[in-house]
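Engineer: build me a structure from this.
(4 chains)
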2 protein chains.
Amino acid sequence: MRELSIVADIALNHAPRRRRAPAPEPIIQRLPLYLSCLQELLAAGKTHISSDDLGARVGICGALARSDLSHFGAFGVRGLGYEIDCLVSALEQVLGVNRKWDVVLVGAGELGCALALSAWFQDSAFRLSAIFDCDPRQTGRQVGDLTVALTSDAPGWVREHDVKVAILAFCSCDAQAVADLLIGAGIRIILNYTSRVLQVPPEVRVTQFNPVAALQEMVCHLGNGSTQPSAR
Amino acid sequence: MRELSIVADIALNHAPRRRRAPAPEPIIQRLPLYLSCLQELLAAGKTHISSDDLGARVGICGALARSDLSHFGAFGVRGLGYEIDCLVSALEQVLGVNRKWDVVLVGAGELGCALALSAWFQDSAFRLSAIFDCDPRQTGRQVGDLTVALTSDAPGWVREHDVKVAILAFCSCDAQAVADLLIGAGIRIILNYTSRVLQVPPEVRVTQFNPVAALQEMVCHLGNGSTQPSAR
DNA sequence: GTTTGTGAACGCATTCACAGCT
DNA sequence: AGCTGTGAATGCGTTCACAAAC
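Structural biologist: Here you go, the predicted model:
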């Protein structure tokens, strides 16, 4: 009777083992990168990849890629590397994206619509299931195959359909209030396009998705570096 | 003759000192969060804030906030906390956002337009200075006060105007090729809305801004946690 | 009494190096 | 020969705890 890892026995059929620890945050942050690269490689017809190659593609060293993957089981073959489609399945399972997740989108402005109509969520694990806006004049409008409803109806919908994931894509005004209501209704994951930094209880996860903040962080390295930001 | 920190002598007028080390990455990642909160507090009329309070707002402990800020100088007053507007100025300077940065936007689809028309960049350090699209039928269209040009013209523009910052907001197809051309023309910072994971030389910074990847990462904590993703 | 600035302690992620498998 | 899996070592960020300042 051997120990079994939660994931890999299903993804592969040969014996994976080891660590079932909750998986460190930094590793989890890299999994989507791996997955994205691998899906691309798969689409390009590649079948195997080495840890060094994979690492290079996501900007880390090979040893780290190996170490990361080994947290979830032994997916590689010594001398050959990793079989890509196995790895894709395994990562999808680890991430929990081998099922569908309903998502509510709050904000039907330019950005909200761009998201709703984008190709991003096609073929992803995430299905936009409702769209809301606080402006009553937007109510009833069609965006793709969704109909805009009032933001005040969002908590009810979330509760009724047991939705766990929300995207906030409206102008920042009362983002915290909206978030609080959604969390109260059962939302556990928030993708926040608002410039407001949200305070949430520990069981809720937020990702700040503000382009200006992202640019600020990167510009910092430039500004204090070699390039003197003298003029312009 | 005392040592002087690069930044703080200008931001404040009393003696800041200590570390002029290049500032660890994790700290820099938090600076935009601090800044955002502080600007909000400032707008709300508050003048002072303690490290504990500031920490709570960005989801970290007070000691860490203190430690972070002290890397750039001594901005606080013991017993009182930090004077918000001083801190805002100092952070803006550290981040390098007390000047204007020209930005080129590649992609004039739903998303590109949403970005161009959004309020995000108003009053920020970033000015969208040109917008490009690979579809010739888009050429000449007005988006806000910008006129869409061909993506193939982007490298020339970047070189000519010495632009360092680019935003990629088109459907993923040949994101890497576009990125390579822009980098060749002098781009050092890329905000990548594409689902393609970009490979760039070490002097270039990329932030992946793909909502699906962000959701995947967060869902992971849910899926393997207490909530069994059994049904639906 | 309150709150900062900071050295010391701790814990954790990454890298290294190599044994082991193909 | 090539590449994975992994323990050991390293380096680094965070937390702790307290002296100094207001």
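Engineer: find the nearest non-adjacent residue to the residue most central in space within chain A, please.
Structural biologist: Against the mean C-alpha coordinate of chain A, by Cα atoms, centre = their mean, the closest residue is residue A:32 at 7.1 Å. Computed as Cβ to Cβ, 6 or more residues apart in numbering or on different chains, the closest residue to residue A:32 that is not its neighbour in sequence is residue B:213, at 3.8 Å. Just so you know, the C-beta spots here come from the backbone N, C-alpha and C atoms, and that holds for glycine as well.
Engineer: name the element the one you found belongs to?
Structural biologist: Assigned by DSSP states H and E, residue B:213 falls within helix B:211-223.
Engineer: with only the CA atoms kept, save that helix in PDB.
Structural biologist: Presented in PDB, the C-alpha positions along helix B:211-223 are these (Å, rounded to 0.1, in the frame of the first residue of the first chain):
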ATOM      1  CA  PRO B 211      -7.200  37.500 -16.400                       C
ATOM      2  CA  VAL B 212      -7.500  33.800 -17.000                       C
ATOM      3  CA  ALA B 213      -4.000  33.200 -15.600                       C
ATOM      4  CA  ALA B 214      -4.800  35.300 -12.500                       C
ATOM      5  CA  LEU B 215      -8.000  33.500 -11.900                       C
ATOM      6  CA  GLN B 216      -6.300  30.100 -12.300                       C
ATOM      7  CA  GLU B 217      -3.800  31.000  -9.700                       C
ATOM      8  CA  MET B 218      -6.500  32.000  -7.200                       C
ATOM      9  CA  VAL B 219      -8.900  29.100  -8.000                       C
ATOM     10  CA  CYS B 220      -6.100  26.800  -7.100                       C
ATOM     11  CA  HIS B 221      -6.400  27.700  -3.500                       C
ATOM     12  CA  LEU B 222     -10.100  27.000  -3.500                       C
ATOM     13  CA  GLY B 223     -10.100  23.800  -5.500                       C
END
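Engineer: re earlier: and for the residue nearest to residue A:32, the neighbour number?
Structural biologist: Using other Cβ atoms under 10 Å in any protein chain shown, residue B:213 has 22 other residues around it.
Engineer: from DNA strand D, how far out is it?
Structural biologist: 21 Å (Cβ to the nearest atom of the strand, to the nearest Å).
Engineer: now residue A:170
Structural biologist: Note on residue A:170: its distance to DNA strand D, by Cβ to the nearest atom of the strand, is 30 Å.
Engineer: one more: residue A:182?
Structural biologist: 26 Å.
Engineer: quick one: that residue is in a helix?
Structural biologist: Yes - Residue A:182: assigned to a helix according to DSSP: H, G, I helix; E, B strand; the rest coil.
Engineer: next, count neighbours for it.
Structural biologist: By other Cβ under 10 Å, 27 other residues sit near residue A:182.
Engineer: look at the residue nearest to it when sequence neighbours are not counted and give its secondary structure.
Structural biologist: Closest residue in space to residue A:182, ignoring its immediate chain neighbours: residue A:166 at 5.1 Å, by Cβ to Cβ, 6+ apart. Under the three-state scheme (three-state DSSP), residue A:166 adopts strand.
Engineer: OK, contacts around residue A:81?
Structural biologist: A:48-51, A:53 (Cβ atoms under 8 Å, 6 or more residues apart in numbering or on different chains).
Engineer: actually residue A:80, not the one I wrote
Structural biologist: residue A:48.
Engineer: what distance do you get for it to residue A:86?
Structural biologist: Look at residue A:80 and residue A:86: by Cβ to Cβ, to the nearest Å, they are 12 Å apart.
Engineer: between the two, which contacts overlap?
Structural biologist: Counting by Cβ under 8 Å, 6+ apart, nothing touches both residue A:80 and residue A:86.
Engineer: and residue A:157, how many residues sit next to it?
Structural biologist: Residue A:157, neighbours per other Cβ under 10 Å, totals 17.
Engineer: mind checking the SS state of the nearest residue to it once chain neighbours are set aside?
Structural biologist: Excluding the flanking residues, the one nearest residue A:157 by Cβ to Cβ, 6+ apart is residue A:130, at 5.4 Å. For residue A:130, the assignment made with three-state DSSP gives strand.
Engineer: and the longest helix for chain A?
Structural biologist: Ranked by number of residues, the top helix in chain A under DSSP state H is helix A:25-43.
Engineer: can you give me the buried ones in that one?
Structural biologist: Buried residues in helix A:25-43, counted by 16 or more other Cβ atoms under 10 Å in any protein chain shown: A:27-28, A:30-41.
Engineer: pull the contacting residues for residue A:143.
Structural biologist: Under the criterion of Cβ under 8 Å, 6+ apart, the neighbours of residue A:143 are A:108, A:112-113, A:116-117, A:131.
Engineer: over to residue A:21?
Structural biologist: If a contact means Cβ under 8 Å, 6+ apart, then residue A:21 has residue A:71 as its contacts.
Engineer: how about it, secondary structure?
Structural biologist: Taking three-state DSSP as the rule, one finds residue A:21 in the coil state.
Engineer: spell out which residues of chain A are next to DNA strand D.
Structural biologist: For chain A, the residues in contact with DNA strand D (Cβ under 7 Å from any atom of the strand) are A:17-18, A:49-52, A:62-63, A:66-67, A:69-70, A:74-82.
Engineer: rerun at 10 Å
Structural biologist: A:8, A:12, A:16-19, A:48-55, A:62-82, A:87 (Cβ under 10 Å from any atom of the strand).
Engineer: PyMOL command to pick out the buried ones of those residues?
Structural biologist: Command for PyMOL, covering only those of the residues of chain A next to DNA strand D found buried under the criterion 16+ other Cβ under 10 Å:
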select buried, chain A and resi 8+12+16+48+49+50+51+53+54+55+65+66+68+69+70+71+72+73+74+75+76+81+82+87
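Engineer: out of the residues of chain A next to DNA strand D, name the ones that lie in strands.
Structural biologist: Counting by DSSP state E, the residues of chain A next to DNA strand D place A:48-49, A:76-77, A:81-82 in strands.
Engineer: of these, which is the nearest to chain B?
Structural biologist: residue A:49 (13.5 Å; Cβ to the nearest Cβ).
Engineer: what ranges do the helices span in chain A?
Structural biologist: Using DSSP H, the helices of chain A run over A:8-11, A:25-43, A:51-58, A:62-70, A:84-95, A:110-117, A:154-161, A:175-184, A:211-223.
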